[in-house]
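Student: Okay, here's the prediction I keep looking at, along with the sequence it came from:
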Amino acid sequence: MIKEPDTLMLIGFMGAGKTTVGREIARQHHSKFLDLDQEIERAAGMSIAQIFQKHDENYFRRLETQVLSQVQTFNGVVATGGGVVERAENREILKNSPATLVYLHGNLESTISRLLAEGQRPLLQEKSTADFFQLWEARDPKYQEVANFTVETVGKTPQRIAAEIVALFSANEDELAFLALRSQIDAFDRQLFDIISKRMEVVLAVANYKKKVGMSVSQPTRMSNMRAALKVDYAKNPNISDEFIDELMTILLETAMKREDEEMQRG
Ligand SMILES: Nc1ncnc2c1ncn2[C@@H]1O[C@H](COP(=O)(O)OP(=O)(O)O)[C@@H](O)[C@H]1O
Ligand SMILES: O=C(O)C1=C[C@@H](OP(=O)(O)O)[C@@H](O)[C@H](O)C1
Ligand SMILES: [Mg+2]
């Protein structure tokens, strides 16, 4: 059984949505919300960016440890900062915490684009993409080490992620393991539909080319080559049979041709 719903702590990489989802859980669950970064800013009397400018990361980390130990008894939802798992001391505090620790897991691509759109994280400004990737790889096992539960966030809205987390409160151990698997499946489904939507955009660009050069929508040789190539590439994968490739490709190709037809008849 998950620990008391009123002591919930979100961990995960910067930009994972800890602050946004934390607020949303508190709203849906009628509990209080606290952001560790805000508490650090209050303690230091300046913004996180100023702390990094006027002092250094070490200074920030010391404050972070102090504030982290102070909020252990907070009754509500706590959003931590992405680097909270860096210090072994903090990981010990988190492992012994009375709170349930939920790891918001995402992917590097969507996280970086969100952070660039915001442009507020001091570490993002200091680091190259390669450094950032290294940081991502180094932190992931640390989040896993302390987390009681992992929620997949890719493609999901903050409201949906919050609702998944609120649902954990009424689950027992077995159900929790089951919900974690379902959370992964839901995230994969969203990634699949995102890719199908991107595929359709490319299909429409292809339709425009065909229209320009007077080519017909249906290209039987190309379509059978696509199927054959996929069957070769996935021949050794027991999860992807030739029949599955045929069924899925029929849906994708027929839907694409319908959209191409519509596009070619337009204007
Ligand atoms: N699930 C989500 N889908 C889309 N945008 C999100 C999602 N979660 C967060 N964001 C956006 O990403 C940015 C970073 O979110 P934030 O909650 O500050 O992350 P963190 O506290 O983990 O660093 C914000 O602009 C927020 O609106
Ligand atoms: O990942 C990090 O080391 C940091 C993440 C930030 O919090 P968010 O994870 O909420 O962005 C903030 O604590 C500080 O900029 C350092
Ligand atoms: Mg935050």
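Tutor: Ah, there it is. Ligands and ions are numbered 1, 2, ... in the order given.
Student: Could you name the helices and strands sitting against the top helix by length along the chain?
Tutor: The longest helix of the chain (DSSP state H) is helix 173-213. Under the contact definition 3 or more CB pairs under 8 Å, 6 or more residues apart in numbering; DSSP states H and E, helix 173-213 sits against strand 149-152, helix 158-168, helix 242-265. (Each C-beta comes from the backbone N, C-alpha and C, glycine too.)
Student: ranking those by burial, who's on top?
Tutor: Most buried of those by mean neighbour count (mean count of other CB atoms under 10 Å) is strand 149-152; its value is a mean of 22.
Student: do that one and ligand 1 meet at all?
Tutor: No: with CB under 6 Å from any ligand atom as the criterion, ligand 1 is not reached by strand 149-152; the gap is at least 10.4 Å.
Student: Phi and psi next, for the residue of the chain found nearest ligand 1.
Tutor: Residue nearest to ligand 1 within the chain (CB to the nearest ligand atom): G17, separated by 2.8 Å. Per-residue torsions, G17: phi 110, psi 20 (degrees, to the nearest 10).
Student: Let's see the pLDDT reported for it.
Tutor: Reading off the confidence values, G17 has pLDDT 96.
Student: same deal with the one 3 residues further on?
Tutor: Per-residue confidence (pLDDT) for T20: 97.
Student: so which helix or strand takes in it?
Tutor: According to DSSP states H and E, T20 maps onto helix 18-29.
Student: mind checking how far the most centrally placed residue in the chain is from L230?
Tutor: Against the mean C-alpha coordinate of the chain, by CA atoms, centre = their mean, the closest residue is G106 at 2.3 Å. Note on G106: its distance to L230, by CB to CB, to the nearest Å, is 29 Å.
Student: angle of the longest helix of the chain against helix 158-168?
Tutor: 160 degrees (axes from the mean of the first three to the mean of the last three CA atoms, to 10 degrees).
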